[in-house]
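> Here's my sequence, what's the structure:
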Amino acid sequence: MEEMRENIWIAVPTYWSYPTNKVGEEISIFDHPSALDSQGTLARTLECFTHLTMDFHVVIVVAVSHSDLSSKAHEKVLSIAKRFTDKLSIYLVSQENLGLVNRHLEEPMLRLDSYGNIRNVQLAVPYAMGADVVVGIDDDEIIEDRDYLEKVVRYIGKEYNGDFVGGMAGPYYDRNGSFQLEEAEELGEFKNIFRKKNSFMNEALKKVMREAPLKGIVRSNVAFGGNMCMARKTIEQICHDPFIPRGEDYDYVINAKMKGINFYFQPDMKITHLPPDSPASQAGDNMKK
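Purely as a prediction, here's the structure:
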């Protein structure tokens, strides 16, 4: 008998803003949205998916800094996605067609105006399509490990040491091969606890990377939204806080824990994060954020 295979979905949010020669009001603030007159980073991410070894679907979720840009962003992303439809099973969700999904809900609650809402669309659409597991990968990242999805399905939604693995996350590596946030160590010296965020994140990362067994997983409260997997059972019970401005990934882990669902960290489930506004590290915080 042929072994049953999970229905795997990779959800990719992609963020767009005004052309480089046009200044406009940004209603939704994202880290580094692509200018509409640029190619952005999405094609690079989709290209890396073509080398993965398992069967899966891709849903691209299009977000914009201002609703006036929705139509142009939809067409822009559609043109990029069409280059890969011979190799990938791709679905596209944007403000232009999200109403078709909301129409089937008792309350039209799905929106694309914040990180939390975008992450909820990432979960809701694949879930409605029968997904067993949803893997969140951001559009400024690449997966270099062809067996990445094999490592995901090895644990997600299964029992591990008597516990249900409801969610799983892996590390971000920057282009210099480091999994730690650059220039974060000195932040630990600040008296203001709110300025220490990256320092705390580095300490948590070092802890889980140290404690996880070789090529294994460890229960953890560390999760990055751009390398984060959820089992269907978890999606059924937990949503992202639609009102949270940032940190929706860690918040999701806390919400799951409150429902008795644990997240695990797998150091071997790594991606490379290549944000355009940072020469090396993913820690490129700025005043706008």
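> could you give the mean pLDDT of stretch 142-153?
The average pLDDT for stretch 142-153 rounds to 96.
> Could you tell me the end-to-end distance of it?
19 Å (CA to CA, to the nearest Å).
> Stretch 37-57 too?
Stretch 37-57 end-to-end distance (CA to CA) = 28 Å.
> who touches residue 115 in this structure?
30, 225, 240, 244-246, 248 (CB atoms under 8 Å, 6 or more residues apart in numbering). In this view, the C-beta of every residue, glycine as well, is placed from N, C-alpha and C.
> Farthest-apart pair in those residues, please.
30 and 240 (15.3 Å; CB to CB).
> Between these two, which has more neighbouring residues?
residue 240 (22 against 19; other CB atoms under 10 Å).
> before we move on, back to that, select from the contacts of residue 115 every entry located in helices.
residue 248 (DSSP state H).
> so which one among the contacts of residue 115 has the lowest pLDDT?
residue 245 (82).
> Leaving out chain neighbours, which residue sits closest to that residue?
The shortest distance from residue 245 to any non-neighbouring residue, by CB to CB, 6 or more residues apart in numbering, is to residue 114 (6.7 Å).
> Tell me how far that neighbour lies from residue 13.
Distance, residue 114 to residue 13, by CB to CB, to the nearest Å: 11 Å.
> So for the two, which residue has more residues nearby?
Each of residue 114 and residue 13 has its neighbours counted (other CB under 10 Å); residue 13 has more, 24 against 21.
> Output the lowest mean pLDDT helix or strand found in the chain.
When the helices and strands of the chain are scored by mean pLDDT, DSSP states H and E, helix 197-211 comes last with a mean of 79.
> by contact count, what packs against that one?
Helices and strands in packing contact with helix 197-211 are not found; criterion 3 or more CB pairs under 8 Å, 6 or more residues apart in numbering; DSSP states H and E.
> For the remainder of this discussion, apply numbering that starts at 23.
Shifting the count to begin at 23 puts that one at helix 219-233.
> Could you say which helix or strand holds residue 113?
strand 111-115 (DSSP states H and E).
> circling back to that earlier point, tell me who's in contact with the residue nearest to residue 267.
With CB under 8 Å, 6+ apart, residue 136 has these contacts: 50, 264-267.
> When you filter the residues you listed down to buried only, what's left?
The neighbour count (16 or more other CB atoms under 10 Å) marks 50, 264, 266 as buried among those.
> rewinding a little: gap between the residue nearest to residue 267 and residue 175?
30 Å.
> now do residue 137
When residue 137 is compared with residue 175 (using CB to CB), they lie 26 Å apart.
> pLDDT value on the residue nearest the centre of the chain, please?
In the chain, the centroid-proximal residue (CA atoms, centre = their mean) is residue 248; its distance is 2.9 Å. Model confidence at residue 248, given as pLDDT, is 93.
> Look up how far residue 192 lies from residue 75.
17 Å.
> Which of those two has more residues huddled nearby?
residue 192 (28 against 11).
> residues in contact with that one?
Neighbours of residue 192 in contact, by CB under 8 Å, 6+ apart: 246, 249, 287-293.
> Save these as CSV, and put in secondary structure and neighbour count too.
Shown next, in CSV, are the contacts of residue 192 (DSSP: H, G, I helix; E, B strand; the rest coil; neighbours: other CB atoms under 10 Å):
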residue, secondary structure, neighbour count
246, coil, 21
249, strand, 26
287, strand, 25
288, coil, 25
289, coil, 20
290, coil, 16
291, coil, 27
292, coil, 18
293, strand, 22
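> and which of the residues you listed is nearest residue 157?
Nearest to residue 157 among the contacts of residue 192, with distances taken as CB to CB, is residue 249, at 8.3 Å.
> buried set for the host helix or strand of residue 147?
In the assignment (DSSP H and E), residue 147 maps to helix 137-150. Across helix 137-150, burial judged by 16+ other CB under 10 Å covers 137-149.
> I'd like to know how many residues surround the closest residue to residue 271 other than its chain neighbours.
Of all residues not flanking residue 271 in the chain, residue 247 sits nearest, at 3.7 Å (CB to CB, 6+ apart). Other residues near residue 247 come to 21 when the count uses other CB under 10 Å.
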